[in-house]
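**Student:** I'll drop the sequence and a predicted model, then ask my questions.
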Amino acid sequence: MRYLTIALAKGRLANKSMKLFEEMGITLEEMKDPNTRKLIFTNEEHGLRFFLAKGPDVPTYVEYAAADIGIVGKDTILEEQRKLLEVMDLGFGKCRMCVCGPESAASLLRSQAQIRVATKYPNIAGDYFYNTKNQTVEIIKLNGSIELAPIVGLAEVIVDIVETGSTLRENGLKVLEEVCDLSARVVVNQVSMRMENERIMKLLQGLSEVITGKE
């Protein structure tokens, strides 16, 4: 029997995902060892292989069938624009993608002014402004603290993930528009879904039962 390979986005999503698998009876003791140098973790009993990857790489591994299944944030799925099947919302890691800025920028959004938008998510921002709002903007990609951009005059607004909004408030910024809701999702390779449908559906069923039991 070939292994089903599962890619988990490193960090909080991976930790929460591992807890779900453990509640299904799939133990991953080695993965919990902070000092391990191993890259691939195998559960022989269930015929599963797991590996950790940076969030933005997970959809790539899944599209190219290096992983059959991936668990990653919706923001990453939207930004990476890979060919894969999004099959399940795991309901954790909830936050929102928002347009944020100082109060004074609200009128620029309403009047569809040509403005600069700073973001780590140029594809999501572009899709929102060009296709949803039909507003012409200049998108500037940043990698660090996005909140800095409107404060130092690099951009009028930012598009970023908002969880509590406390960082925004501390810097005199606020949510001006909501782009979409985000949470952890399960994605599956298109060919794997056909070839391994029964095993994948059984795994999804198990995840669904654990989540429903929590609710």
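**Tutor:** Noted; the coordinates are in hand.

**Student:** tell me, what residue is most central in the protein?
**Tutor:** G73 (1.7 Å; C-alpha atoms, centre = their mean).

**Student:** OK, contacts around that one?
**Tutor:** Contact partners of G73, counting by C-beta atoms under 8 Å, 6 or more residues apart in numbering, are 9, 13, 55, 93, 182-185. In short, each C-beta sits where N, CA and C put it, glycine included.

**Student:** Pull the most distant pair out of those.
**Tutor:** G55 and S183 (13.4 Å; C-beta to C-beta).

**Student:** These two - which one has more neighbours?
**Tutor:** Between G55 and S183, counting by other C-beta atoms under 10 Å, G55 is the more crowded of the two (21 against 16).

**Student:** Give me the neighbour count for the residue nearest to that one when sequence neighbours are not counted.
**Tutor:** Leaving out its chain neighbours, the residue that sits closest to G55 by C-beta to C-beta, 6 or more residues apart in numbering is A9, at 4.1 Å. A count of nearby residues for A9, using other C-beta under 10 Å, gives 23.

**Student:** I'd say A9 and V58 touch.
**Tutor:** Yes: A9 is within contact range of V58, at 5.1 Å (criterion: C-beta atoms under 8 Å).

**Student:** Which residues are in contact with each of those two?
**Tutor:** By C-beta under 8 Å, 6+ apart, A9 and V58 have these common neighbours: 70-72, 76.

**Student:** Dump those residues to JSON lines, plus secondary structure.
**Tutor:** Below are the shared contacts of A9 and V58 laid out as JSON lines (DSSP: H, G, I helix; E, B strand; the rest coil):
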{"residue": "G70", "secondary structure": "strand"}
{"residue": "I71", "secondary structure": "strand"}
{"residue": "V72", "secondary structure": "strand"}
{"residue": "T76", "secondary structure": "helix"}
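
**Student:** And these, which is closest to L20?
**Tutor:** Taking C-beta to C-beta as the measure, L20 lies nearest I71 of these, at 8.8 Å.

**Student:** what is the closest one paired to in the beta sheet?
**Tutor:** L8, V186 (DSSP bridges).

**Student:** ok, now how distant is G172 from T36?
**Tutor:** Applying C-beta to C-beta, to the nearest Å, the value for G172 to T36 is 43 Å.
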